[in-house]
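**Student:** sharing a model that was predicted from the sequence below.
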Number of protein chains: 2
Amino acid sequence: MPLRSDWSTKPCSIARGIEAIGDPWVLLILREAFSGVRRFDDFAVRTGANDKVLASRLKHLVEIGLLQRHPLSKGARPRAEYLLTEAGADALPVLHAFSVWAEKHGPNRDLGSLGISCAACGAATQSADTCRACGRTLAPGNVIWSRGGRWPGTFEVVGLPAAG
Amino acid sequence: MPLRSDWSTKPCSIARGIEAIGDPWVLLILREAFSGVRRFDDFAVRTGANDKVLASRLKHLVEIGLLQRHPLSKGARPRAEYLLTEAGADALPVLHAFSVWAEKHGPNRDLGSLGISCAACGAATQSADTCRACGRTLAPGNVIWSRGGRWPGTFEVVGLPAAG
């Protein structure tokens, strides 16, 4: 991770959380994982990360337990899928918190927005993790992302793979 | 900012938020600002950032409007205070989201924890921005941080300077 020092032993959970998942590429990869992306090449196209950057961040996310690597094939270029774990799914509020802040205070808000809605009651929310209309905790599987601007679309945020 | 590319014109508010405030040092400086730190030297001691890193991040935070610089004196080494703006105060959920994740999934949880409580009703919360007991939005001025481990203490999270 490209931090200046190792904050994983700091006596502050903010610093330890930043050390683990506060890297910009890590956060962008998680965004795509929540959007349903599972393959290296798809992460590369959707995030714009080069192969070296992407490989290092995927390795990090597997090592700290946010993604699980599932081999699909062997050979000269083995293929694999990267699936969110529970720890990965629980990082969703971090992405939401950045988005909520940027929607209110960030630059270039006309270029595209991200609406966050509760899938259960349908209400839009300005919270990172709680539907203020029905009180439900927002987690993958009960969140709808609505994108406007140059990147339109509405889809359910995915989390853990379906059982069975 | 030490990002690989400029994400401030991305059509995604997650990416734009990360570009603006997703730098580890920026987040640590904001943590200290919420703890009441206002002076360069105090930020340096509390974050461990060297002068060059700290100066560049404070400059960035002033430029994008999260801190306001108030000169206190002129001279060979002018002194100043850095105060949170409304945009800075609204970044609190980003820090909380990292902490909530790290308290649940991060490494070295025995080294120190951060409890987040609603100052109005007193309930502890696992949310980044909403008291799930009384429904209030958590914002500076109505949040209590309780630190355990090697960095104990309880204090009110500060935000905008008091009027008058």
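**Tutor:** Sure, I can see it. Computed from a prediction, not measured in an experiment: that's the story for all the values here.
**Student:** from now on I want contacts and neighbour counts done on CA atoms only, so please keep to that.
**Tutor:** Fine.
**Student:** do you have the strands of chain A handy? List them.
**Tutor:** In chain A, the strands defined using DSSP state E lie at A:67-73, A:79-84, A:114-118, A:143-147, A:153-156.
**Student:** CA-only coordinates of the fourth one in PDB, if you can.
**Tutor:** What follows is strand A:143-147, C-alpha atoms only, in PDB (Å, rounded to 0.1, in the frame of the first residue of the first chain):
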ATOM      1  CA  VAL A 143     -29.400  -0.700  -1.700                       C
ATOM      2  CA  ILE A 144     -30.100   0.700  -5.100                       C
ATOM      3  CA  TRP A 145     -27.600   3.000  -6.800                       C
ATOM      4  CA  SER A 146     -29.000   5.400  -9.400                       C
ATOM      5  CA  ARG A 147     -26.400   7.100 -11.600                       C
END
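**Student:** name the residues that touch it?
**Tutor:** Contacting residues not belonging to strand A:143-147 are listed as A:112-119, A:152-157, B:12 [CA atoms under 8 Å, 6 or more residues apart in numbering or on different chains].
**Student:** got the angle for it vs strand A:114-118?
**Tutor:** Counting by axes from the mean of the first three to the mean of the last three CA atoms, to 10 degrees, strand A:143-147 points 160 degrees away from the direction of strand A:114-118.
**Student:** buried residues in strand A:143-147?
**Tutor:** Residues of strand A:143-147 classed as buried under the neighbour-count rule (16 or more other CA atoms under 10 Å in any protein chain shown) are A:Val143, A:Ile144, A:Trp145, A:Ser146, A:Arg147.
**Student:** and the helices in chain A?
**Tutor:** Along chain A, the stretches classed as helices by DSSP state H are A:13-21, A:24-34, A:40-47, A:51-63, A:86-89, A:92-105.
**Student:** and the fifth one, is it in reach of chain B?
**Tutor:** The one in question is helix A:86-89. Yes: Helix A:86-89 lies within reach of chain B by CA under 8 Å from any CA of the partner chain, at A:Ala87.
**Student:** could you give me the average pLDDT of that helix?
**Tutor:** The average of the pLDDT scores along helix A:86-89 is 97.
**Student:** so how far is it off the chain centroid?
**Tutor:** For helix A:86-89, the gap between its own C-alpha mean and the chain's C-alpha mean amounts to 10 Å (CA atoms, centre = their mean, to the nearest Å).
**Student:** thinking again about what came up before, buried ones among the contacts of strand A:143-147?
**Tutor:** Among the contacts of strand A:143-147, those buried by neighbour count (16+ other CA under 10 Å) are A:Gly112, A:Ser113, A:Leu114, A:Gly115, A:Ile116, A:Ser117, A:Cys118, A:Ala119, A:Glu156, A:Val157, B:Cys12.
**Student:** neighbours around A:Leu83, how many?
**Tutor:** As a burial measure, A:Leu83 scores 23 neighbours (other CA atoms under 10 Å in any protein chain shown).
**Student:** check contacts around it.
**Tutor:** By CA under 8 Å, 6+ apart, the contact list for A:Leu83 reads A:Ala33, A:Arg38, A:Leu67, A:Gln68, A:Arg69, A:His70, A:Leu160, A:Pro161.
**Student:** want to try CSV for the strands of chain A, with distance to B:Glu86 as columns?
**Tutor:** Compiled in CSV, the strands of chain A are given as follows (distance: least, CA to CA, whole Å):
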stretch, distance to B:Glu86
strand A:67-73, 35
strand A:79-84, 34
strand A:114-118, 21
strand A:143-147, 26
strand A:153-156, 30
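**Student:** bridged to A:Glu81, which residues?
**Tutor:** Taking DSSP bridges, one obtains A:His70 as the residues bridged to A:Glu81.
**Student:** now do the domain split for chain A, please.
**Tutor:** Split into domains by automatic domain parsing, chain A comes to A:13-88, A:91-156.
**Student:** end-to-end on the last one?
**Tutor:** Across domain A:91-156, the terminal residues are separated by 16 Å (CA to CA, to the nearest Å).
**Student:** do the same with the first one
**Tutor:** Terminal residues of domain A:13-88 lie 17 Å apart, using CA to CA.
**Student:** okay, now the unreliable bits of chain A?
**Tutor:** Along chain A, the model assigns pLDDT under 70 to residues A:1-4, A:162-164.
**Student:** and if we set it to 90?
**Tutor:** Within chain A, the segments meeting pLDDT under 90 span A:1-5, A:72-79, A:110-112, A:147-156, A:158-164.
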